[in-house]
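[1] Everything below, folded, please.
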Amino acid sequence: MNTKYILSQSGFIMVTSQYHGSSSGVGEEVHPHTHTTTHNGGRKMKELLVVLVFVSILLLFAYAYSNQPNETMSSLYQKIPEQVRENSQLIAAYYSSQTGFGGFREYQFALYNPNDRTISIYTFKISKLLKIWPRITENKITCKTQLNYSILATSPEKLKNFKNCGNCRILLYKDRIYKNGEIESIYPSIEQVIRGKENTTYVKLSLLKDSEITTGAVGFVIGDMGFYTDDVYYGRGLLYLPSPIVNLTRGVVVEFLPVDNETIKRVIHYPGNVTLSDEFKITKYYRVNITRNLTWTLKEVPIEQILQKLDSKQLQKTIGEDSRVRLEISKEPLWAKTPKLEAWLIWIDKGKTVYIEKRIYPTEKTYKEKFSFISGYYCGW
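    Here you go, the predicted structure:
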């Protein structure tokens with residue numbers, strides 16, 4: 001008998017034999033099934049290993065799903081420091097979520113402290129690290145304000161009416177809860193605010209929208225330089241309320257009216273016929289006086305033409321869901337001898353990291369900058 005031992009790639013020994021006549025005249029042969037049985041065992045071992053890996057992955061995802069933080073609006077509100085809750089009024093709360101592999105749940109609370117005149121925004125976001133492991137992040141913005149937001153005070157008990165849901169938005173505002181499409185419908189329109197004010201003298205007229213509850217100016221970085229989305233007109237103690245970025249003619253409407261050659265009155269129109277106002281000296285921030293060159297009336301502006309452009313479906317698709325948007329009608333530039341009346345749509349797309357300024361009247365013109373990241377919210381004004 002001539003027997004050979006061969007090491008296969010799978011790591012198993014195969015035995016083969018050839019028959020040769022022996023001196024005794026008796027031939028021996030290894031049974032052919034010896035090789036076949038050993039090879040099948042290796043294949044079964046591989047199949048078992050694949051099954052074990054598959055089951056392990058399923059168990060991993062099941063654990064990640066079951067281990068998601070079971071938080072609610074009420075439980076997260078209790079995570080805000082007790083002293084803050086005791087000294088402040090809840091003025092708005094917002095829930096938004098997105099399902100899928102990169103899904104998240106975001107919970108926001110806006111509080112106003114009437115003693116020190118501050119707005120604080122607390123944000124809790126539950127997302128998945130490496131698309132698998134759930135994690136919760138917390139963020140806080142606090143800004144001084146001259147505006148009295150006590151008029152928006154709502155009961156924290158209403159937070160119990162929130163229920164977590166997928167791909168949805170829920171807003172608590174003035175003791176009422178609004179869901180999804182209802183949210184945008186509660187905001188005033190530009191037409192409603194300016195009705196009957198043809199002879200009113202303006203410095204600026206603006207409409208503000210944001211995908212979240214925020215306050216202050218948004219800071220963003222291009223290269224090694226930092227920039228801000230908003231100046232003193234909008235970044236100074238003003239509460240941004242959330243809404244879908246769909247109807248660009250509805251939002252928080254702000255009128256800037258001249259008081260004297262140094263002072264501007266800011267009148268802010270919130271949902272539910274709520275109007276707040278304050279005043280500030282523009283000369284504190286800019287070397288410019290408020291003269292007739294900078295003021296205008298609605299008779300000088302083709303409002304219907306501007307609103308028609310804002311209603312463009314193509315324009316609405318250009319602006320991402322996670323954005324802060326501002327319509328601004330004013331005379332520009334401030335330092336020119338004869339500033340011209342213009343209408344601009346300005347937005348920062350937080351998701352796509354793009355900052356855009358688009359003139360929509362009298363002629364169209366667009367500036368676009370790709371930025372690296374958002375550095376935070378600032379209220380230094």
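[2] Can you tell me how far residue 370 is from residue 221?
    When C-beta to C-beta, to the nearest Å is applied, the distance between residue 370 and residue 221 equals 11 Å. Every residue, glycine included, has its C-beta placed from N, CA and C.
[3] Those two: which is more packed in?
    The residue with the greater number of neighbours, taking residue 370 and residue 221 and applying other C-beta atoms under 10 Å, is residue 221; the counts read 14 against 9.
[4] Let's check: the centremost residue of the protein is which one?
    residue 322 (4.3 Å; C-alpha atoms, centre = their mean).
[5] Can you name the residues that contact the nearest residue to it once chain neighbours are set aside?
    Sequence neighbours aside, residue 351 is the residue nearest to residue 322 in space, at 3.9 Å (criterion: C-beta to C-beta, 6 or more residues apart in numbering). Contacts here follow C-beta atoms under 8 Å, 6 or more residues apart in numbering; on that basis residue 351 touches 320, 321, 322, 323.
[6] Quick check, the last one in contact with residue 214.
    Going back to what we said before, that points to residue 323. No - when contacts are counted by C-beta atoms under 8 Å, residue 323 is not listed as touching residue 214 (11.3 Å).
[7] Go ahead and confirm residue 212 touches residue 94.
    Yes - look at residue 212 against residue 94 with C-beta under 8 Å: they come within range, at 7.0 Å.
[8] Now do the shared contacts for those two.
    Residues touching both residue 212 and residue 94 comprise 106, 108, 242, with contact defined as C-beta under 8 Å, 6+ apart.
[9] wait, which of those residues is closest to residue 165?
    Top of the list for closeness to residue 165, among the shared contacts of residue 212 and residue 94 and by C-beta to C-beta, is residue 106 at 12.5 Å.
[10] Count residues in the vicinity of the closest one, would you?
    Neighbours around residue 106, by other C-beta under 10 Å: 20.
[11] what's the answer for residue 361, then?
    Neighbourhood size, residue 361 [other C-beta under 10 Å]: 17.
[12] what's the answer for residue 47, then?
    10.
[13] Quick check: residue 290 vs residue 275, distance?
    From residue 290 across to residue 275, the span is 22 Å (C-beta to C-beta).
[14] of the two, who's got more company?
    residue 290 (21 against 13).
[15] roughly how far out does stretch 224-238 sit from the chain middle?
    The gap between where stretch 224-238 is centred and where its chain is centred comes out at 18 Å by C-alpha atoms, centre = their mean, to the nearest Å.
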